[in-house]
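K.L.:
Here's my sequence, what's the structure:
(2 chains)
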Amino acid sequence: MADTPRSFQEIILRLQSYWARHGCAILQPYDMEVGAGTFHPATTLRSLGSQPWAAAYVQPSRRPTDGRYGENPNRLQHYYQYQVLIKPSPPNLQELYLGSLAAIGVDMGLHDIRFVEDDWESPTLGAWGLGWEVWCDGMEVSQFTYFQQVGGHDCRPVSGELTYGLERLAMYILGVDHVMDMPFNDPDAPIPLSYGDIFKQTEEEYARWNFDVANTDVLLRHFEEAEAECKAIIAQEHMDPKTGKRIIMAHPAYDQAIKASHMFNLLDARGVISVTERQAYIGRVRALTKMCADAFVQTRAGGWSGDAA
Amino acid sequence: MADLLIELFSEEIPARMQARAADDLKKLMTDGMVEAGLTYASAAAFVTPRRLCLTVEGLLDASPRTVEERKGPKADAPEKAIEGFLRGANLTRDDLEERDTPKGKILFAKITKEGRPAADIIAEVLEQTIRNFPWPKSMRWGSGSLKWVRPLHSILCILSREDGAEVVPLDVDGIVSGNATRGHRFLAPDQITVSGFDDYTAKLKRAFVMLDANERRETIWNDATNMAFASGLEIVEDAGLLAEVAGLVEWPVVLMGRIGDDFLDLPPEVLQTSMKEHQKFFSVRNPKTGRIERFITVANRTTSDDGATILAGNEKVLSARLADAKFFWDNDLRVVKSDAGMAAWVENLKNVTFHNKLGTQAELIERMAVLARELAPMVGADPDAAEKAARIAKADLSSEMVYEFPELQGLMGRYYAAAAGFSDEIAAAAQEHYAPLGPSDDVPTAPVSVAVALAEKIDKLTGFWAIDEKPTGSKDPFALRRAALGVIRILVENDLSVGLKHACRSGICQSIEVIRALMQHLASRTDLAESFGDHISKTMVEIYNLSLDEKGVSLEIGSPNLVEEEKINDLLSFLHDRLKVYLKDQGIRHDVIDACIAMPQNDDLTLLVKRARALSDTLKTDDGENLIQAFKRANNILSQAEEADGVEYSYGADIKFAEEDAERALFKALDQAESVIKPAMEKQDFTTAMSAMASLRPALDAFFEAVQINTDNATVRRNRLNLLSRIRTLGTSVADLTRIEG
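P.N.:
So this is what the prediction gives:
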C-alpha cells in the first residue's frame, strides 16, 4: 500500500481505510450544502459535551465566491474535504496524522513536513482553536486544530480536528498541475474519468448561477425563513406532547443554521452584501449556531446525564 | 554545587513566540529559585520548535538555613498581647526568650527556617512556572485542564553533580519528569537519555537537533549566502524572516530554487512579498540587474536525494502562488491602462469606509485633493500636479494586488500610476505620501509628494479632532501622534514655511462638512437613527447645531465659528507638544521652545524651530546665559515699578536725561543692537538677531553695576524705567525671554 496511488478516489479510499483502521467511525457526507467539513454536525455538534467521539468522513464543500468556471488550476466552488474528529484528542494525534500521509503515498524520507502556526477561527460557528497548517515541501496540505471553543461553549474534553484539502493534496501526490486533468478513477479503468469529466461542466454552471443569476430576493427570503425556523424549533418545549418524551430538536434546528449560512455565502458571491452588512449577517448566523450548540449540550449526545441529576 | 537542566518538550511552538518564551522560562525559574534562597552562577535558555530548555550552572545544593529574630511585647505585657504575638509568628511560648533591655524585660522570638534541598525548590518553582507560563495564547488538549502553547509531552529535569545526575521528581497533571527526550521528529525520533547539559547538546546534535537558535540562524545565513555567491547572486537581507525560519526548523538545510521565467517581470517587491509571506522564502537577487531570480528555502531535514524532491515541490508551490500574483498584476494593469484608468478604482472606494464618522475613502481622497492643492504653492509644488496626485494616491487600495498583499499599498500605486501614464512625480507621490511611517523613516522631499503627504496627515489630524477622537494617555488607535510627527518632520527637514493654521482650518471645515452631511442624512432617516446611535458623538451634535441658524437652516461652510477655532487651537497646541518631544531629542529645552511658541507666527513650525535653535545656541554661550539674567533683572524692576506706580513705562527713553556714562553707553548699545536686530528679524535671521542681543551683555552689566534706577529725581527715574522698557521690548522681540527658566 505504500506505493503511490493512481487516482483521486484511491487517495480517498486509502484515507477511509487508514482512519477506519485507527478506530474512527467512517461517516458519510452530510446531505446539505456546507462551506467546509467542519459544518457537518459530526464535527460542530459532536465536539461539544463530554461524550467521546471518533469520526472521519468526506464532505463535499461549497464556496460560491471561489468559482472560476473550472479554469483556474486550483480554485473550485465545489470541492472535497476529508475530515477527522477525535474527542478527546489522543496524545499521538500528530503521529497518527503523519501515518495517514504515509498511507496515501507521501514518502516520509523524501519530503519536508512542517507544522506552521495557524490559529483557526470560525466567526459563523462562534468557534476557535489552536494548531497548525501542515506543510509538505512548502505546500499547505492540512489544517490541524485543537478545538477550544465551539458555539460559544468551552470544549471539554478537547477535540482534535484534521482537515485535508483533498484536491490539492491529491494533485500534489499524483503530480497533476490542473485539477481538471486529475484522474478521478483508475486511468486504466475501462472508462477512465478525469476530475474535469465529472466537474468541469458543473463548475461552469454553478459559477454562472452563483455570480450572475441567483435571485437575490429569493436567497434573502430563504435566509430569513431559515433563521426564523431555526429559532422556532429551538423555542419548542423539550417535552414532546405526542410521545411524552424529552426530545430537544438540536439537529433539525442546526440544519436551518447551515441553510442560513449557505444562503449568506450565495448572497456574498452575488456581491449584494456591503462591508458593514457582512458583519451583521455573520453575527446572525453565529447567533443561530450558538442556539443550536446550547440546545445540543442539553441532549444525551451532548453530555446531558438525564434525570439522575 | 549542582547544575540543572530542564527541557519542556511539546508539539510545535509558533516561531514568533519562541524567543520570548526562552526569556520567560529563564526569568521565571531563576527568579523563583533565588527567591527561595537558591542562588546560582549562570543560566541560559534555548528554544527550538519542539523544546524549551534551561541550563543553570553553579546552583546551591540547598537553600541556606535562616534565623530571624523578632522582637515581641514586654515580658509583663497582658497575656492577650503575648498570645497575639505568638499567633502572628506561629510560635509557642517555649520559643520565646526574655531579655533585659534599657526599656525593661522584653520577649524575643527566634524563627529558624531550615534550608531546603535544591530538588524540592526546583520542583516547586518549575511546576509554578509551567502552570503560569505567560504564553500569548495557550490551549488545553485531550481531557486535561493544563494549559500550554500546544500539547506538552514530556518534562526533562535533572540535577547533575560530579558523582552523577538525578532526576528532580515532578508530576504536572500526569506528565512525570525524567531524564529522557527525543531527537528530530523524522531523522532521530527515538528516546535519548541525558546526564547533563553538555551531554544533552551533544546527543541532540547527533540526533539532528541544533539547540541554539543563533546557531541555526548563522548556519542558514552562511549556507544561503555561500550558495548564492557561488552562482554570482546575493540574498536580499531580511532579519525578521531569518529569525522566523530559524524557529521553524531543528535541523536547517538550505536549498536554492528557480523562479519560473514567466514571473521574472513582476515587480521585485511583489516577488519578494509573495515568497516571504506565503512560503517563507528568501529572495535571491542578481546584483548586476537588481532582479530577483532565485529563492532560498530552508528545509528541516536532509534526504537521500539531497533535497531534490523537496525543492521540486517548493518550486511547484511557488509557481502556483506567483501565477496568482501575475494574474492580479495583469488584471490591475489592464484596468489602469483602460479608458476608465485609476478613476475606476477611486470610484470603488466610495464603498469603502474610512471611519464611520468621517465617511468613505473616496470622501477622504476628495478632502486630500483640496488640501494638497492649497498646500502646493507653499511647498513649491504645482497645484494641478498636487491635486492630481492626491486623487490617485490611494487608488491602489482597490487593486487586486493590494487586496492580496496589503503591505504593498503605495508601492503598487506608484507602479500602476506610472503604467497609467502619470508623470514620475505624481506616481512617486502614491508611494511617498504615506511617509514618514516611523521616527527613522525618510521624509519625502519631492514637492508633489510633500504636498500630498502633508494633506494626508493634516486631513487625518483635523478629521479626528473634528470628531473628538484625540489620543489619550497610551491610547492612540489612529496613530495621530505619528501623523503629527510626520507633519513636523516633513516641514522642518525640508525647511518649508507653511502656516498650519490656515491648512488646519481648511481641514476642520471639510471634516465638519462630512459630519453635517451625515447628521442631515440621519435626521431625514429616523428609521436609521437607532442603529446609528452609537456612531454619533456629543461633539457631532454640537457641531451640527452650531452650523444651523435660529431657523434651523444650514450656515455657510467656513464661516468662522467658535467650535472650529477652538479645535484648531487645540490641534495646534498638540502639534506644539509633539514638536517639544521632537526637539527635546535634539537637545533643545522645553522652556526654550515655550519662549518661541509665545511669539507670533507660531503655526509656522519651521520658523519656530529656527527661532528655538538660535535661542538654544545663544543660551549655551556665556554672554547668552548672562543676558538672560540681566534681562530678567530689568524686567523685574520694571514690572515692580509699573505695578507700584500703576502706569506702563513705554514712552521713548531719551539719552539727554541720562546722567551716568554707563547709562549713555547702554543707550548707544541698544541703538546699535536694534539696528542689527530689526533687519535680521525681517529676514528671519534669528542667529544674527540673537547674537546682537547677546552683545548687549557688557553694557547691561555695566549699567546695573553703576546705575541706581530708583532715584529721587522723578524725571531721571522715569527715563531709566523707559530705558528698561526698551530692553524688555527687545528681549521679547526674538523670543519671549520671560519664559526662560533659571
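K.L.:
Look up the closest residue to residue 294, ignoring the ones flanking it.
P.N.:
Looking at chain A here, since you left the chain open. Closest residue to A:D294 apart from its sequence neighbours, by Cβ to Cβ, 6 or more residues apart in numbering or on different chains: A:G151 at 7.1 Å. Every residue, glycine included, has its C-beta placed from N, CA and C.
K.L.:
try again with chain B
P.N.:
Spatial nearest neighbour of B:R294, chain neighbours left out: B:V284 (3.9 Å); criterion: Cβ to Cβ, 6+ apart.
K.L.:
check contacts around that neighbour.
P.N.:
Counting by Cβ atoms under 8 Å, 6 or more residues apart in numbering or on different chains, B:V284 makes contact with B:228, B:233-236, B:256, B:292-296.
K.L.:
Put the alpha carbons of the helix or strand where it lies into PDB.
P.N.:
If you go by DSSP states H and E, B:V284 is part of strand B:282-285. Taking Å, rounded to 0.1, in the frame of the first residue of the first chain, the C-alpha atoms of strand B:282-285 are listed here in PDB:
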ATOM      1  CA  PHE B 282      14.400  34.400   0.900                       C
ATOM      2  CA  SER B 283      14.800  36.300  -2.300                       C
ATOM      3  CA  VAL B 284      18.000  35.900  -4.300                       C
ATOM      4  CA  ARG B 285      19.000  38.800  -6.400                       C
END
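K.L.:
That strand - what's its average pLDDT?
P.N.:
Strand B:282-285 carries an average pLDDT of 96.
K.L.:
From B:A123, how far out is A:E225?
P.N.:
Applying Cβ to Cβ, to the nearest Å, the value for A:E225 to B:A123 is 61 Å.
K.L.:
Pick out whichever of those two has more residues nearby.
P.N.:
When A:E225 and B:A123 are compared for neighbours, B:A123 comes out ahead with 18 against 14, by other Cβ atoms under 10 Å in any protein chain shown.
K.L.:
name the element the more buried one belongs to?
P.N.:
helix B:118-131.
K.L.:
cool, B:I488 as well?
P.N.:
Using DSSP H and E, B:I488 falls in helix B:480-493.
K.L.:
mind checking which helix or strand B:K105 is in?
P.N.:
strand B:104-113.
K.L.:
Quick one: residues in contact with that strand.
P.N.:
Residues contacting strand B:104-113 (Cβ under 8 Å, 6+ apart): B:65-77, B:82, B:85, B:89, B:91, B:95-99.
K.L.:
Which positions in it come out as buried?
P.N.:
Buried positions in strand B:104-113, judged by neighbour count with 16 or more other Cβ atoms under 10 Å in any protein chain shown: B:106-107, B:109.
K.L.:
With stretch A:31-46 instead?
P.N.:
Neighbour-count burial for stretch A:31-46 [16+ other Cβ under 10 Å]: A:32-46.
K.L.:
Among those, which ones are in helices?
P.N.:
The members of the buried residues of stretch A:31-46 that map onto helices under DSSP state H are A:41-44.
K.L.:
Name the nearest of the residues you listed relative to B:A644.
P.N.:
Nearest to B:A644 among these is A:T44, at 87.4 Å by Cβ to Cβ.
K.L.:
Could I get the average pLDDT for stretch A:18-28?
P.N.:
The model assigns stretch A:18-28 a mean pLDDT of 98.
K.L.:
Point out the residues in chain A that sit beside chain B.
P.N.:
Taking Cβ under 8 Å from any Cβ of the partner chain as the criterion, chain A approaches chain B at residues A:73-74, A:88-91, A:94, A:107-117, A:119, A:129-132, A:136-139, A:146, A:148, A:155-158, A:160, A:172, A:177, A:274-276.
K.L.:
Now restrict the residues you listed to buried residues only.
P.N.:
By 16+ other Cβ under 10 Å, those give A:74, A:88-90, A:94, A:110-117, A:129-132, A:136-139, A:146, A:148, A:155-158, A:160, A:172 as buried.
K.L.:
What ranges in the chain fall below the confidence cut-off?
P.N.:
Because you didn't say which chain, this covers chain A. Confidence mapping of chain A against pLDDT under 70 gives the ranges A:1-2, A:274-276, A:307-309.
K.L.:
think we crossed wires, I meant chain B
P.N.:
Looking at chain B by pLDDT under 70, you get B:522-563, B:742.
K.L.:
Relative to chain A, which residue of it is the closest?
P.N.:
Of all residues in chain B, the one sitting closest to chain A is B:G313 (2.7 Å; Cβ to the nearest Cβ).
K.L.:
Next up, the contacts around the nearest residue to that residue once chain neighbours are set aside.
P.N.:
Nearest residue to B:G313 in three dimensions, chain neighbours excluded: A:D137, at 2.7 Å (Cβ to Cβ, 6+ apart). By Cβ under 8 Å, 6+ apart, the residues touching A:D137 are A:111-112, B:309-314, B:317.
K.L.:
Just the helices from the stretch 1-150 of chain A, written as ranges.
P.N.:
Assigned by DSSP state H, counting those that start in this stretch, the helices in the stretch 1-150 of chain A fall at A:8-21, A:41-44, A:93-103.
K.L.:
Quick check: residues of the stretch 301-450 of chain B near chain A?
P.N.:
Going by Cβ under 8 Å from any Cβ, the residues of the stretch 301-450 of chain B near chain A are B:301, B:303-305, B:309-314, B:316-318, B:320, B:323, B:351-353.
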